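1. this one's sequence-less:
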């Protein structure tokens, strides 16, 4: 059920009727016609831009079209009134009986209410986190993990076939540095005094890795040359770090469908195959790039290199894929990785990057466009920084990793549900202030508490109703007569519930899971407002002396709880039944 889609269909029928009468010309494009909530609720329940969209191609005044549409639309039993506003917008008010169908629809569908077929089963790969396997995840990774996971859930809810993927950056020099750092911890486990040179990883998290290595191989590598121990320790350390990362992600409730190793691209012909595909399209050549203006990027060399014509697919400059010494640039395996995704048959690709990778977006989009002949879209979502505060002051934590605050630190401080919700209260490309005190504060200023409190309040009234002998099972509530709920505040809550299916599609289309968190806060606000009105107007209270009336009112409340539960499920947050 999507009332906005239903009313848009009514608008399109009215346009067709006017065309059949000759009042509008045939062949008008209607894709841009929308039906949405008006900016000011006082103007009506829904508003359509149909007349504004059609005016120019129809060579008519928008108000004239709007008035003709209003007459057609107002004749429908679902519409109480259709009024022209401003230059030609059309504001609609629906009959209360239409809104009163919403609670039963929600209860009949359960948490599947709002699920969409918009995605039509299209295969989407969402790659997120993808931190170097050199240590525990830090607070920046936390935001990317929460965003990527919520986005994947949102797309699944909107009808897409989603794969959650982690790209293991285990093919670069940083993993050699990890191996050398673990070797130092291994020597330490044998009683040696060690110092960590600049550039190594001194965090205490590597102590158990060094001790585990000692148990495995004894003193085999003590005093041995690096060429003897580097590769085996590298494998041991990488697997240990991946296990640490899996555990950290588990603390947030994040579980990947697939881990892809960068190392698997080397020596297997996969990089060569991807580059050969670009070469077949005439997009690989030997050349010398012009020196860039301003800061010199690390992949620029003032000598002939093998280059990818990324400018033919929207990039600012062509990009090196092989250095003058014949070694691959860091861009080459990334091209091969995305080529692998394309060959796996994904219809859409989404990469979740840290904000420091902003300069990488155009070249990656160019590569995917070239490799797929423009058939596979790539959306890159950049995750801005998280600043930690407590009571408004910058907050320093334990930094067990040695140099940064870990995901585990944050989750242990406030819990996974609070962590996830707070991380989704701002759009991904906006910086986020995470105040630990506010995150656990029990006030309406705290969006986590506000939404959870709404759910808990509903559970509380249902428990009290049960104690009073009122049947509040979903089956009983689905049969309740909600036509008796006609107060403006009650109808307003129904109208808000009716927005949910539309909100899901908007958020999924824009890859914006934060919109779910914001909307849930608005729904909770409407529930709390109705609850508070009951203090002064007893007839609005959910529990009444009449059991049937109580069921009708609780049916509305229960519908709100169901939608809150569905929305929190998308965000990966568990709804609570009572506040402590």
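-> Yep, that arrived. Computed from a predicted structure; not experimentally measured. Residues are numbered from 1 along each chain as shown.

2. which ones are touching the spatially most central residue of the chain?
-> By CA atoms, centre = their mean, the mean C-alpha position of the chain lies nearest to residue 151, the distance being 2.6 Å. Neighbouring residues of residue 151 by CB atoms under 8 Å, 6 or more residues apart in numbering: 126, 128, 350, 352, 381, 511, 513. C-beta: built from backbone N, CA, C; applies to glycine.

3. what is the mean pLDDT for the strand or helix carrying the fifth one?
-> Of the helices and strands defined by DSSP states H and E, residue 381 is found in strand 378-383. For strand 378-383, mean pLDDT rounds to 98.

4. packing partners for the helix or strand just after that strand?
-> Sequence-wise, the next helix or strand downstream of strand 378-383 (DSSP H and E) is strand 386-390. With contacts defined as 3 or more CB pairs under 8 Å, 6 or more residues apart in numbering; DSSP states H and E, the secondary structure elements packing on strand 386-390 are helix 139-157, strand 432-435, helix 436-439.

5. what would those look like in CSV with distance to residue 484 and mean pLDDT?
-> Formatted as CSV, those follow (distance: least, CB to CB, whole Å; pLDDT from 0 to 100):
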stretch, distance to residue 484, mean pLDDT
helix 139-157, 32, 96
strand 432-435, 44, 92
helix 436-439, 40, 89
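
6. before we move on, the earlier item: run a quick neighbour tally on the nearest residue to the residue nearest to the centre of the chain once chain neighbours are set aside.
-> Excluding the flanking residues, the one nearest residue 151 by CB to CB, 6 or more residues apart in numbering is residue 513, at 5.0 Å. By the criterion of other CB atoms under 10 Å, residue 513 has 27 neighbours.

7. Please tell me I have it right and residue 576 contacts residue 456.
-> Yes. With contacts counted by CB atoms under 8 Å, residue 576 reaches residue 456, the gap being 5.3 Å.

8. re the thing from before, got a list of what the residue nearest to residue 151 touches?
-> With CB under 8 Å, 6+ apart, residue 513 has these contacts: 147, 150, 151, 153, 154, 424, 507, 570, 571.

9. Can you point out the buried residues in stretch 204-216?
-> For stretch 204-216, a neighbour-count test (16 or more other CB atoms under 10 Å) marks 205, 206, 209, 210, 212, 213, 214 as buried.

10. Which of these fall within strands?
-> With DSSP state E as the criterion, strands contain none of those.

11. Quick check: the farthest pair among those residues?
-> Using CB to CB, those span at most 16.3 Å, a distance reached by 205 and 214.

12. between the buried residues of stretch 204-216, which is nearest residue 14?
-> Closest approach between those and residue 14, by CB to CB: residue 205, at 64.7 Å.

13. Distance check, that closest one against residue 179.
-> Residue 205 sits 15 Å away from residue 179, going by CB to CB, to the nearest Å.

14. What confidence value was assigned to residue 296?
-> According to the prediction, residue 296 has pLDDT 62.

15. got the domain boundaries for this protein?
-> The chain resolves into domains spanning 3-94, 442-571 when parsed by automatic domain parsing.

16. distance between the ends of the longest one?
-> Its start and end residues considered, domain 442-571 measures 20 Å (CA to CA, to the nearest Å).

17. show me where the stretch 1-150 of the chain has strands.
-> Here the stretch 1-150 of the chain has its strands, by DSSP state E, counting those that start in this stretch, at 35-36, 46-48, 79-85, 89-94, 123-127.

18. Just send those back as a markdown table, with distance to residue 328 and mean neighbour count too.
-> As requested, the strands of the stretch 1-150 of the chain are exported to a markdown table (distance: least, CB to CB, whole Å; neighbours: other CB atoms under 10 Å):
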| stretch | distance to residue 328 | mean neighbour count |
| --- | --- | --- |
| strand 35-36 | 49 | 18 |
| strand 46-48 | 54 | 24 |
| strand 79-85 | 61 | 18 |
| strand 89-94 | 56 | 22 |
| strand 123-127 | 20 | 23 |
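
19. centre of the chain versus stretch 316-328, how much separation?
-> Relative to its parent chain, stretch 316-328 has a centroid offset of 34 Å by CA atoms, centre = their mean, to the nearest Å.

20. Please name the strands paired to the lowest-mean-pLDDT helix or strand in the chain in the sheet, noting orientation.
-> Scoring the helices and strands of the chain by mean pLDDT, DSSP states H and E places strand 393-394 at the bottom, with a mean of 84. Strand 393-394 has its sheet partners listed here by DSSP bridges as strand 386-390 (antiparallel).

21. re the thing from before, now render the strands of the stretch 1-150 of the chain as JSON lines, adding distance to residue 230 and mean pLDDT.
-> Formatted as JSON lines, the strands of the stretch 1-150 of the chain follow (distance: least, CB to CB, whole Å; pLDDT from 0 to 100):
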{"stretch": "strand 35-36", "distance to residue 230": "60", "mean pLDDT": "95"}
{"stretch": "strand 46-48", "distance to residue 230": "66", "mean pLDDT": "96"}
{"stretch": "strand 79-85", "distance to residue 230": "72", "mean pLDDT": "94"}
{"stretch": "strand 89-94", "distance to residue 230": "69", "mean pLDDT": "96"}
{"stretch": "strand 123-127", "distance to residue 230": "29", "mean pLDDT": "98"}
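
22. right, and these - which one's nearest residue 109?
-> Shortest separation from residue 109 across those is recorded for strand 89-94, at 20.0 Å, computed as CB to CB.

23. Who are the packing partners of that closest one?
-> helix 3-20, strand 46-48, helix 50-58, helix 62-74, strand 79-85.

24. Report the distance from the third one to the chain centre.
-> A distance of 35 Å separates the C-alpha centroid of helix 50-58 from that of its chain, computed with CA atoms, centre = their mean.

25. Compute the inter-axis angle for it and helix 3-20.
-> Angle of helix 50-58 versus helix 3-20, following axes from the mean of the first three to the mean of the last three CA atoms, to 10 degrees, is 40 degrees.

26. residues in contact with helix 50-58?
-> Contact with helix 50-58 is made by 11, 15, 24-25, 28-30, 32-33, 60-63, 65-66, 69, 84, 87-90, as judged by CB under 8 Å, 6+ apart.

27. tell me which residues in it are buried?
-> The neighbour-count check on helix 50-58 (16+ other CB under 10 Å) flags 50, 51, 52, 53, 54, 55, 58 as buried.

28. how about those residues in TSV, adding distance to residue 272 and pLDDT?
-> Formatted as TSV, the buried residues of helix 50-58 follow (distance: CB to CB, whole Å; pLDDT from 0 to 100):
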residue	distance to residue 272	pLDDT
50	54	96
51	58	96
52	54	95
53	51	95
54	54	95
55	56	94
58	57	92
